[in-house]
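S.K.: I would like the atomic coordinates for the input below:
(chains A and B)
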2 protein chains.
Amino acid sequence: MDPLISEILNTEGPATFVTVGADGPHMVATWNSYLEEEGDDKLLIPVGGYHKTEANLKAGSVLVMMIGSKKAPGKRGPGTGFRLTGSAEIKSSGEQYELTKQRFPWARGVLIFKIRQSEQLL
Amino acid sequence: MDPLISEILNTEGPATFVTVGADGPHMVATWNSYLEEEGDDKLLIPVGGYHKTEANLKAGSVLVMMIGSKKAPGKRGPGTGFRLTGSAEIKSSGEQYELTKQRFPWARGVLIFKIRQSEQLL
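M.R.: From the prediction side, this is the model:
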């Protein structure tokens, strides 16, 4: 994972992501501080609602996430952002879920986001 | 416009928005501080690149934007976010563009986002 991504996640702000279904794009968000990095290409996200996101993912939707921070250094001065594209699934059992539930007792699951493309936009 | 939206825009962070084209969702972002409220249902956004966003909008795509702040008060304590859905067009002339260019000399246009649905998510 790009070290700048960790730097962004250490500043608070909305981490917004989208899936697509038959009725168009479905946009939801979490907070940077809620994201947990796993290995080099995964982000773990606690799942509260996200029911439509889950349905879209089950139907094969891509997941695209935007994270950014005006404080982290970018290509042209302060402020950087990444567009992360990949696939995802929601699990409600297993080790990743147990870890998530320790931090977020309200979590009904964990969204495991596998990043296949990471673009630094600025 | 909900006063909470103004409160969010007064805290810095990424304002992420999506359009959809034949090849799927296209996600881009700006900063809260770059957004200018116009009247009760419009946001003006300076346009640097956004070429694919523009093509998607010309083809009739919806625009969905997420804004949020962990500092602004939400329904369950600190932290709130809004999903804004509507239509948009990019203009490179006219009064709105001239105002945008005064603040952002690099702007090749202004994206005029007309909000038809505003949902407070938390």
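S.K.: for the helix or strand hosting A:Arg83, which helices and strands make contact with it?
M.R.: Using DSSP states H and E, A:Arg83 maps to strand A:77-91. When contacts are defined as 3 or more CB pairs under 8 Å, 6 or more residues apart in numbering or on different chains; DSSP states H and E, strand A:77-91 packs onto helix A:3-9, helix A:51-58, strand A:63-74, strand A:109-120, strand B:24-31. All C-beta spots, glycine's among them, are computed from the backbone N, C-alpha and C.
S.K.: switch to 7 Å and redo it
M.R.: Under the contact definition 3 or more CB pairs under 7 Å, 6 or more residues apart in numbering or on different chains; DSSP states H and E, strand A:77-91 sits against helix A:3-9, helix A:51-58, strand A:63-74, strand A:109-120.
S.K.: may I have the second one exported as CSV, CA atoms only?
M.R.: The C-alpha atoms that make up helix A:51-58 are tabulated as CSV, following Å, rounded to 0.1, in the frame of the first residue of the first chain:
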residue,chain,number,x,y,z
HIS,A,51,-27.6,-3.4,2.5
LYS,A,52,-27.8,-2.0,-1.0
THR,A,53,-24.0,-2.0,-1.3
GLU,A,54,-24.1,-5.7,-0.3
ALA,A,55,-26.7,-6.5,-2.9
ASN,A,56,-24.8,-4.6,-5.6
LEU,A,57,-21.6,-6.4,-4.7
LYS,A,58,-23.3,-9.8,-4.8
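S.K.: hang on, the earlier thing: list of residues touching the helix or strand just after the strand holding A:Arg83?
M.R.: Next in sequence after strand A:77-91, counting helices and strands by DSSP H and E, comes helix A:95-103. With CB atoms under 7 Å, 6 or more residues apart in numbering or on different chains as the test, helix A:95-103 has contacts from A:44, A:46, A:91, A:107, A:109-110, A:112.
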